[in-house]
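Student: when you get a sec, could you give me coordinates for this:
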Amino acid sequence: MNEDIRVPRVLLIDQHGEKQGVMPTSAAIEAAVEAGLDLVEIVPNADPPVCKILDYGKFKFQEQKKKNEARKKQKVVELKEIKLRPNIDIHDYEVKQRSMHRFFEEGDKVKITLRFRGRELAHPELGMKLLQRVKVDFEPVAKVEYEPRMEGRQMIMILAPK
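Tutor: Numbers count the residues shown, from 1 in each chain. Model (predicted):
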């Protein structure tokens, strides 16, 4: 900005957005002072660097507003959890399935936790069969991010929306 620009020549753009051409830095600074504004280096990597005459305070304010607007529009992906049991009833499974569809529509990931209790632990293939069924049912709307795995007394799988 202004005296901090150390290059001998710059490409100047005036306050109206019109290209003034390549000129010495001192002449560009004089033009900015004449307009009552600041000379700001917009593209320092170009040859010669591009400088623009503008109100620096207003410029910083506009950039901050753009950042805030972008932050408002971004969606934070949450990890929702659905807990199942290996011997789940058909209707109960359908209720969980509807919840999972809603989560995928909202853009969230779903962690499916299959908890084994007592003698159920002797038949992990039943749990794997259930998780494979979930995988097939959600093939069109979700992809598997974390394959089904046993972790202690539970089997875990994570699905993410496509």
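
Student: C-alpha from now on. contacts and neighbour counts both.
Tutor: Will do.

Student: please report how far the most centrally placed residue in the chain lies from residue 67.
Tutor: In the chain, the C-alpha nearest the mean C-alpha coordinate belongs to residue 74, at 6.4 Å (CA atoms, centre = their mean). Look at residue 74 and residue 67: by CA to CA, to the nearest Å, they are 11 Å apart.

Student: and the strands in the chain?
Tutor: Secondary structure of the chain (DSSP state E): strands at 9-13, 19-24, 38-43, 50-54, 79-84, 109-115, 142-151, 154-161.

Student: related to what we said a few turns ago, where does the residue nearest to the centre of the chain land on pLDDT?
Tutor: The predicted local confidence for residue 74 comes out at a pLDDT of 82.

Student: over to residue 40?
Tutor: According to the model's per-residue confidence, residue 40 sits at a pLDDT of 89.

Student: touching, it and residue 49? I think so.
Tutor: No - the pair formed by residue 40 and residue 49 falls short of the contact definition of CA atoms under 8 Å, at 10.4 Å.

Student: which of these two has more neighbours?
Tutor: Under the criterion of other CA atoms under 10 Å, the comparison of residue 40 against residue 49 puts residue 40 first, with 24 against 18.

Student: ok, now how distant is the more buried one from residue 74?
Tutor: Using CA to CA, one obtains 30 Å as the distance from residue 40 to residue 74.

Student: do residue 132 as well
Tutor: Here the distance between residue 132 and residue 74 works out to 32 Å (CA to CA).

Student: what's the answer for residue 66, then?
Tutor: As defined by CA to CA, residue 66 lies at a distance of 13 Å from residue 74.

Student: could you do residue 158 as well?
Tutor: If you measure residue 158 against residue 74 using CA to CA, the figure is 22 Å.

Student: and if you look at residue 125?
Tutor: Noted for residue 125: a distance of 40 Å to residue 74, by CA to CA.
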